[in-house]
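Chemist: With the input below, show me the fold.
(2 chains)
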Amino acid sequence: MSAFNAIGDEREIDRDEFTPGLEPQPTWCPGCGDFGVLKALKQALPEVGLTPEEVLTVTGIGCSGKLNSYLDTYGFHTIHGRSLPVARAAKLANDGLTVVAAGGDGDGYGIGGNHFMHTARENHDMTYIVFNNEVFGLTKGQTSPTSPKGHTSKTTPHGNAKSPIRPLSLALTSGATYIARTAAVNPNQAKEIIKEAIEHDGFAHIDFLTQCPTWNKDARQYVPYVDVQESDDYDFDIHDRKEAQEMMFETENALYEGTVLTGRYFVDERPSYQQQKKELGEMPEEPLAERYFDDDAEWERSYDLLERHK
Amino acid sequence: MSDHELIWRIAGGSGDGIDSTSQNFAKALMRSGLDVFTHRHYPSRIRGGHTYVEIRAAGHKVQSRGDGYNFLLALGDSFARNPKEGAYYGNEEIKPLSENLDELNEGGIIVYDSGLLSEDDVESLNLEERAEENDWHVFDIDLRSMAKEHGREVMRNTAGVGVTAALLEMDLEHIEDLMRDAMPEKILEPNLEILHDAYDMVTEEYDFEHDLRIPEGDHEDEQALLSGSNAIAYGAIDSGCRFIAGYPMTPWTDVFTIMSQNLPDMGGISEQVEDEIAAAALAVGASHAGVKAMSGSSGGGFALMSEPLGLAEMTETPIVLLESMRAGPSTGMPTKPEQGDLEFTLYTSQGDSARVVFAPANIEEAYEQTRLAFHIAYEYQIPTIIIYDQKLSGENENVPVSFLDREPDPSLGSTLTEDELEDLPHDESGKFHRFQHDVENGVSPRSLPGQKGGRFLATGNEHTPAGHISEDPDNRVFQMDRRLEKLEAIRTELDEEHDSNQTYAGDESADFGIITWGSAQGAVLEATERLNDQGHSVKAVGVSDMMPFPEAELTEFIESVDQAMVVEMNATAQFRGLIQKELGRYGEKLTSLLKYNGNPFEPADVVEGYELNVDGSDAEPDAQVRIEPAAGD
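Modeler: Numbers count the residues shown, from 1 in each chain, chains lettered A, B, ... in the order given. Below is the predicted model of the structure:
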């Protein structure tokens, strides 16, 4: 018997299983975009055939970090900006798990920016959802790395002098192999993108636009979106790095100019980090964590290494 | 110093092969039946700069570098040929000779490479005069030409070893064997020729009057030469650790590289990551998913780990972290030892700490306490930290091979199987109570992601039994008390189920005590022995448990003496402060002997500290050590 019987469970899953009865009511404000992510995720996970117990959701801090408090999978609510290193290691330790990491724009692009760059570069097999509402929410409305230039808040009373981060371009240049943007006001697209991201073998980055009705009423995320895949105006090859980059550039400018473009931007078949590690003999074929429950496993010991010290 | 020991110092420039040469020579001495202890001194640069390795060898147990040394092989710094007059780095070929004379003992031997060092430079040292004063035996030998004749200049190391063996009347057998093992065919032959030429030349051409010869010794069991970093890495491997994440930083890098070179072949994983925050967070993530994991760093890198360390405490995720101290603050002296991070390691991270800190003192303790650290971490779901230093990281000692013949331990401690999970509390929604209030020893067994029926939320926020974020005051008190209760349980286990983790020495009835911790212990134990041999009455304790503190043992020790001197390598008496904090008294009873110049204690420092304590403070301490009087003085 495997030590992780939930993994590979084939039974029909009801989405209610992801919503336990005794969960606390979300502390999110009425109208918060975070509800959109939660809903999309709850729909997507059973539709790709996952049970709650084979999923590990790893979150950072902030309103977004509470995602897994309201979603009944195995969860790890970490610390500000650090969801990715925790998530990466969990996946390396047990690659039977489906790992979804999530955080906010401050969490993911600010304090966790370095981890974002490196996790994308290494192409870890996981999904990373960044709740992008262009503002720090839980600390009450300060300017974030994605706030537009000129944005006024308590920390930028004269207007933000900095240009916003370009998350899609950053993911692309860092090496992510699945890059998309979707929006809470666009639930069906969001669900489909999450499904694809989870099924993608490699680092899938979703910049998820989530409106903040309390602290960022000016953000463009409320305006009707345009799906770049469905619009004839935006024709590009999703597998072509250069074309994707141009589209991202247009999209990232448009966001602050009044048009919200969403959809998939880049998909690449570069082998995942886990796959490459295995090919190099740097990672076992079977999930490492299983080994501790295998009575027949042979545990090599340091005694065998002593020859060189004699 | 006993007459029957050799302390051989090989000095040269970084990159001149000092390290590898000394490693082989130390092994040769070990194979000839001697106990060895090595000490490495090196600058923070890759090539050039004065570096030395000291090997102390004797027919009896050696626990420290010893006092001074009695054989200098000064090779010169081949990278220091800087034509620029007065350059800060460079123009210092002579340093391996000039910098090492002060600590050379009376009657000692000097071999220097007259082929590399200019006559003018040597003359400027007044070597003849000093040799006469100190009864030194000086041999100027052109090692460089000897090496060039058969091979390449860099092989003058080998010539130096040949000369050493000849002067000590040491058999070449073990040295040759080791060279055969270590060297590729192409360079082996010329090296063997150089070795023999040098040996024969000295034997045939020199009459020598010095008394120093290779000491005699015998080992009952086969020995292995291990560094502290080897011992920690092997302790981790034998503990079932199969995941390490890290970022390179001296001196922690040694353990990291040893693990990286071995783990993948054992079915484990090693990850070099973007920074130390990530490194410790990876250890947390891997352990959460069910693998025994470790990470570590040195001072500045460990500072970055304070966040994930606190996360591990709050989520009760077992991890083992290493803190290999070097001299700080900030970048400090990257390649020099100091015990200045004790307080930092004990209290890093916000909130009330629930962590365990062990401080091994030597190679055997490094191995044993690493195993203990993994056992405690996984049994009690608590981060454990092994605090050690640059000295223990890099020093080498021989241990019996059988010492490491310990069974691997793949147990995940208080982790549940799926069958066990079924019987444990779940709430009405079916959610597993991962963090129960009322459990024995404060330990609430954990499930692993992927297990059926074990779903829970781990969170760095305060949380309910099922893992929901909670600010409920009663729950807060229950959870905090439970986490802290583990420390008491661990203290009880250490006191009752394990032999004391502390090391005792000396005369039990003595009324003067010496207290030390970590790698300062070796010098303290030797000094204690020496003082007792000289007719004084002294006893010593080397403390390994920093947290939870061995309150009963230390109280008993301090109560049994009139005065105690705390010996440690830092300027602010951090360990003495810890004792006074933990025991709540003894301010008037404890003095400190402090050394923080970048060099480890020698037994003579400790003897001097004792004399200053006993004879009163009229005498001026050596500039290298400092006496900190008891409170109220």
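
Chemist: how near is B:G460 to chain A?
Modeler: According to CB to the nearest CB, to the nearest Å, B:G460 stands 5 Å off from chain A. (Each C-beta comes from the backbone N, C-alpha and C, glycine too.)

Chemist: What values do phi and psi take at that residue?
Modeler: Backbone dihedrals for B:G460, given as degrees, to the nearest 10, come out at phi -70, psi -10.

Chemist: what's the neighbour count on the closest residue to A:F4 other than its chain neighbours?
Modeler: If the residues on either side of it in the chain are set aside, A:F4 comes closest to B:G450, at 3.4 Å by CB to CB, 6 or more residues apart in numbering or on different chains. Residues lying near B:G450 (other CB atoms under 10 Å in any protein chain shown) number 31.

Chemist: so what's B:G450 up against?
Modeler: A:3-4, A:6-7, A:53-54, A:56, A:74, A:94, A:96-97, A:289, B:289-290 (CB atoms under 8 Å, 6 or more residues apart in numbering or on different chains).

Chemist: where's B:E364, which helix or strand?
Modeler: B:E364 is part of helix B:363-380, with elements assigned from DSSP states H and E.

Chemist: Okay, buried residues for that helix please.
Modeler: B:363-380 (16 or more other CB atoms under 10 Å in any protein chain shown).

Chemist: what does the stretch 51-200 of chain A put close to chain B?
Modeler: Applying CB under 8 Å from any CB of the partner chain, we find that the stretch 51-200 of chain A lies next to chain B at A:52-54, A:56, A:58, A:61, A:66, A:68-69, A:72-79, A:82, A:84-94, A:96-97, A:114-115, A:117-118.

Chemist: Just the buried residues of the longest helix seen in chain A, please?
Modeler: With secondary structure taken from DSSP state H, chain A has its longest helix at helix A:241-257. Using 16+ other CB under 10 Å as the test for burial, helix A:241-257 gives A:A244, A:Q245, A:M247, A:M248, A:T251, A:E252, A:L255, A:Y256.

Chemist: Strands along the stretch 201-310 of chain A, start to end?
Modeler: Along the stretch 201-310 of chain A, counting by DSSP state E, counting those that start in this stretch, strands occupy A:203-209, A:225-227, A:260-267.

Chemist: Tell me which of these is the most buried.
Modeler: strand A:203-209 (a mean of 30; mean count of other CB atoms under 10 Å in any protein chain shown).

Chemist: I'd like the average pLDDT over it.
Modeler: For strand A:203-209, mean pLDDT rounds to 98.

Chemist: try stretch B:513-531
Modeler: Across stretch B:513-531, the average pLDDT comes to 97.

Chemist: One more: stretch B:589-606?
Modeler: Stretch B:589-606 shows a mean pLDDT of 95.

Chemist: Span of it from start to end?
Modeler: Using CA to CA, to the nearest Å, one end of stretch B:589-606 lies 18 Å from the other.

Chemist: just checking, A:F131 is part of a strand?
Modeler: Yes. A:F131 sits within a strand when classified using DSSP: H, G, I helix; E, B strand; the rest coil.

Chemist: Point me to the helix or strand that includes B:G300.
Modeler: Going by DSSP H and E, B:G300 is part of helix B:299-304.

Chemist: mind checking how far that helix is from the chain centre?
Modeler: Centre-to-centre, helix B:299-304 and its host chain are 18 Å apart (CA atoms, centre = their mean, to the nearest Å).

Chemist: cool, stretch B:285-305 as well?
Modeler: Relative to the centre of its chain, stretch B:285-305 is centred 19 Å away, using CA atoms, centre = their mean.

Chemist: Tell me if I am right that the residue nearest to A:F4 is in a helix.
Modeler: No. Looking at B:G450 with three-state DSSP, it is coil, so not inside a helix.

Chemist: That one and A:Y70, how far apart?
Modeler: From B:G450 across to A:Y70, the span is 21 Å (CB to CB, to the nearest Å).

Chemist: Which of the helices or strands spans A:M117?
Modeler: Using DSSP H and E, A:M117 falls in helix A:113-122.

Chemist: err, B:D181, not the other one
Modeler: Here B:D181 sits within helix B:173-182, counting by DSSP H and E.

Chemist: which parts of that helix are buried?
Modeler: Residues of helix B:173-182 classed as buried: B:H174, B:I175, B:E176, B:L178, B:M179, B:A182 (neighbour count, 16+ other CB under 10 Å).
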